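Colleague: coords please:
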Amino acid sequence: MGIVMRIIQQFDPAREDEFMALERKFEELETRRPDFPKGRRMQPVSSIEPVNTLIWQCDFPDIETAFMALNFFEGDEAHEKLYRQQVELMKTIRIEFYKTLDFNN
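Modeller: Numbers count the residues shown, from 1 in each chain. Sure, this is the predicted structure:
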């Protein structure tokens, strides 16, 4: 059983350009650094979430590894620097975990 972790960030819609510019820097950091978890970014088009939401999603083999990624983010200086700028633009943030189901195995 794998785990999907979603970090769901609702941002100030009036400052979307600033928020997304910082998110692009997060993506560059992920790409440049092999030690970073590689996530997928999504923005709702039709969802229970408002369109001023960014969802970062990543697959992990287990819940422990997912929590290790969260701890990694907190302890990484480059990530923290960007996060401190971006959090000023956020209205809410939450983290969700889902177990993956593979009924064919």
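Colleague: hmm, who's touching stretch 87-103?
Modeller: Stretch 87-103 has contacts (C-beta atoms under 8 Å, 6 or more residues apart in numbering) with 1-12, 15, 18-19, 22, 52, 59, 63, 66, 70. C-beta here means a position set from N, CA and C on the backbone, and glycine is covered the same way.
Colleague: among these, which ones are buried?
Modeller: Neighbour-count burial (16 or more other C-beta atoms under 10 Å) applied to the contacts of stretch 87-103 gives 3, 5-11, 19, 22, 52, 59, 66.
Colleague: residues contacting the residue nearest to residue 20 when sequence neighbours are not counted?
Modeller: Distances taken as C-beta to C-beta, 6 or more residues apart in numbering put residue 54 closest to residue 20, at 7.8 Å, once the chain neighbours are dropped. By C-beta under 8 Å, 6+ apart, the contact list for residue 54 reads 8-9, 11, 19-20, 23, 41-43.
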